[in-house]
Each structure stands twice: as structure tokens, then as C-alpha cells.
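S.K.: Dropping a prediction and its sequence here:
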Amino acid sequence: MIYRVDTLTESKINPITKCEYDSSWTILMLTDSKDYQRMCGSSNGCAYTIKISRLRCDDWEMAICDYIGFCAANAKNAILVMTEAELNIAKGHYDGHSYNDPFLRESEPAVLVHSTPMSCWEQIKRDGMLKSWNLLKAEKTITEEQPIGIQLGDPADFSNYIMFGGGITGEIVVNSKQQGKIVMDVDAEYTTGARLYFDAKRMAQDGLLVRDGCHLKVRDTLPLKPYLIWAATWDTIGLTSQLSVPRIFAEQSDKQFKIIASQYKQEMNGCNM
């Protein structure tokens, strides 16, 4: 069920049930923050909360309705923290869209990045696909008790999805996995893995891309072919060692990918002629 409230205090008490939150609940809060576009996590015992700034997020209306659509499709209990007028504005703006639109929107990146440790990359190549954490756990491919995102308050069902991002985020995740704790230092030394660049347009057209209001993700599995454009590893980007820091590895990988992307675009244009 989807509920709306004008305001909400982040605590362990659910304003709808008057009891403590259980794992079926998430929250989306529209804010006036100037510090972020979107932010997510859990604090003060509250349910997992996505915060979207109407001041910094140009497509906040789309994000709200993606969240609603995703929660409805997955039978999740959701609380919207915004005025009724703001919700109506969002719904009007969203006309003709869905959380799994089979096309890329103007505001969405043409390339999605997924970072993984080197040992996982070797397994991914053997499998010929990416797999969600829950699927890998069921296959007993991984032995860790829980994904690192649990420390950030990620809901359990996040592990049914392969998550994508950009910038340094993926490398932060890889380093945090290695350290067994969240490490936000972009200049902390770590053992680099693989930074994978995927064709988001193809993923959307084939109905694989899912939007939850904050993330772009794929359920369960993603074949490498035909979606993987390129894999960056320490040797393919010209580093002298597998040891580096998230900032340098991400920057050098993205720099090299620009060259690869230009060639890929030419090849794709040739195929479409």
C-alpha cells in the first residue's frame, strides 16, 4: 500500500501502524536540501528512506512516481512525505511513463557502471553474466553472511538486484567489501577489481532496466552479451599495479572508456544504417 503524509519524524515508530517498522516498509521524502540531489539510508531506527531534493533534483517528479510504481509492482508498503499538491504535480508530469520504461529518458545516462572485485570478475566471465547477491548466495558462490549495503540500511530485497551507478560509488563499494566496513575515503588504498561499462539503452529497450526512485538496476541476472561494452582493469587502463585508490582507478577508467565509447558508437551507428 502507498500512503502519504505531510511530515514525518525519522524514528523507529511507523506513523501509519503506530508500531515499529518492519522490513516491508520504505519511505520517500521530498526535501528542500541544497546538499544533495538524492540520498538514501536509514537513521534513528527508521525505515529505509530515499530523500529527494526538489531544489537540486530536476526530475524529482519522475523519481517520485518511479518509486510509487516500483513499490506497487513489488507489493511494498511505502510512505510518501510531501503535500498532496506536490504528489499531484508529480503524477501529472509522469503521464505516459512507468518505472520500467523500455527506453532511456533524456536525464538518464547512456552508460551504466558496475564495479566488482577481481575474483568476482573472473566468476562473472565464467558465468557469462552478472548475478544478484541473493542468487549468488543461493548458488553458494559467495560465503559472506550479508552484503555490505546492509550497513547502510539497505532493505533485504535490494539483494535481488544488480545495482549500477557512476563516478566513484562503485569503487567505494569494492573497497568497503574488502575492508568489511563502509570506507568513504576516495584516496584509501585498495586492490582494484573490474569496472564494467554497460549499454543502458539496450538494457532499457530489452525491458531489463528497473527504476526505484533512486537507483537504476536489473533483477537477478544480466548477460554480458550484448550489454557489456568494456571492462576496465588495472592493466587495461595503464596502471603499474593492481593497488590503487578509488578516485584514480575510476578517473583513469572513465578516461580510457571515452576512447572505447567513441569506437562503440561508430560501430553501433554502422549497424543501424
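M.R.: Received it, and whenever you're ready, just let me know what you need. What you are looking at is a predicted structure, and each value in this text was computed from that prediction instead of being measured. Numbering: from 1, shown residues only.
S.K.: Excluding chain neighbours, what is closest to Ile68?
M.R.: Ile2 (5.8 Å; CB to CB, 6 or more residues apart in numbering). C-beta: built from backbone N, CA, C; applies to glycine.
S.K.: what's the burial count for that neighbour?
M.R.: For Ile2, the count of nearby residues is 15 (other CB atoms under 10 Å).
S.K.: Now do the contacts for it.
M.R.: 68, 71-72, 78, 80 (CB atoms under 8 Å, 6 or more residues apart in numbering).
S.K.: Just give me the closest of the residues you listed to Leu196.
M.R.: Nearest to Leu196 among the contacts of Ile2, counting by CB to CB, is Cys71 at 28.2 Å.
S.K.: List the buried residues in the lengthiest helix in the chain.
M.R.: If you go by DSSP state H, the chain has its longest helix at helix 246-271. By neighbour count with 16 or more other CB atoms under 10 Å, helix 246-271 contains the buried residues 246-254, 256-257, 261, 264.
S.K.: Dump those to CSV, plus distance to Gln37 and pLDDT.
M.R.: Listed next are the buried residues of helix 246-271 as CSV, based on distance: CB to CB, whole Å; pLDDT from 0 to 100:
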residue, distance to Gln37, pLDDT
Pro246, 20, 97
Arg247, 20, 97
Ile248, 25, 97
Phe249, 24, 97
Ala250, 19, 97
Glu251, 21, 97
Gln252, 26, 97
Ser253, 23, 97
Asp254, 20, 96
Gln256, 27, 95
Phe257, 23, 96
Ala261, 24, 88
Tyr264, 28, 75
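S.K.: The residue nearest to Gln205 when sequence neighbours are not counted: what secondary structure?
M.R.: Spatial nearest neighbour of Gln205, excluding adjacent residues (CB to CB, 6+ apart): Pro102 at 5.7 Å. Using DSSP: H, G, I helix; E, B strand; the rest coil, the structure places Pro102 in coil.
S.K.: what's Pro102 in contact with, if anything?
M.R.: 204-207.
S.K.: hmm, back to that, wait, which of the buried residues of helix 246-271 is closest to Thr192?
M.R.: Out of these, the member with the shortest distance to Thr192 (by CB to CB) is Phe249, at 4.9 Å.
S.K.: The closest one: what's it in contact with?
M.R.: Contacts of Phe249 (CB under 8 Å, 6+ apart): 171, 192, 195, 232, 234, 237, 239.
S.K.: Next, please give the residue ranges for the helices of this protein.
M.R.: 60-73, 84-93, 118-127, 133-138, 169-179, 200-205, 246-271.
S.K.: circling back to that earlier point, check the contacts of Phe249 against Gln37 and report the nearest one.
M.R.: Of the contacts of Phe249, the one sitting nearest to Gln37 (CB to CB) turns out to be Glu171, at 19.9 Å.
S.K.: Isn't the closest one up against Pro246?
M.R.: Yes. Look at Glu171 against Pro246 with CB atoms under 8 Å: they come within range, at 3.4 Å.
S.K.: Need the overlap of contacts for the two.
M.R.: 186, 190.
S.K.: ok, back up a step: got the helices of the chain as CSV, with distance to Tyr21 columns?
M.R.: Formatted as CSV, those follow (distance: least, CB to CB, whole Å):
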stretch, distance to Tyr21
helix 60-73, 14
helix 84-93, 21
helix 118-127, 32
helix 133-138, 21
helix 169-179, 25
helix 200-205, 32
helix 246-271, 32
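S.K.: So which of those is nearest Ser33?
M.R.: Using CB to CB, those put helix 60-73 closest to Ser33, at 11.5 Å.
S.K.: Report how many residues lie close to the closest residue in space to Ser23 that isn't next to it in sequence.
M.R.: Spatial nearest neighbour of Ser23, chain neighbours left out: Ala156 (5.8 Å); criterion: CB to CB, 6+ apart. The criterion is other CB under 10 Å. On that basis, Ala156 has 13 neighbouring residues.
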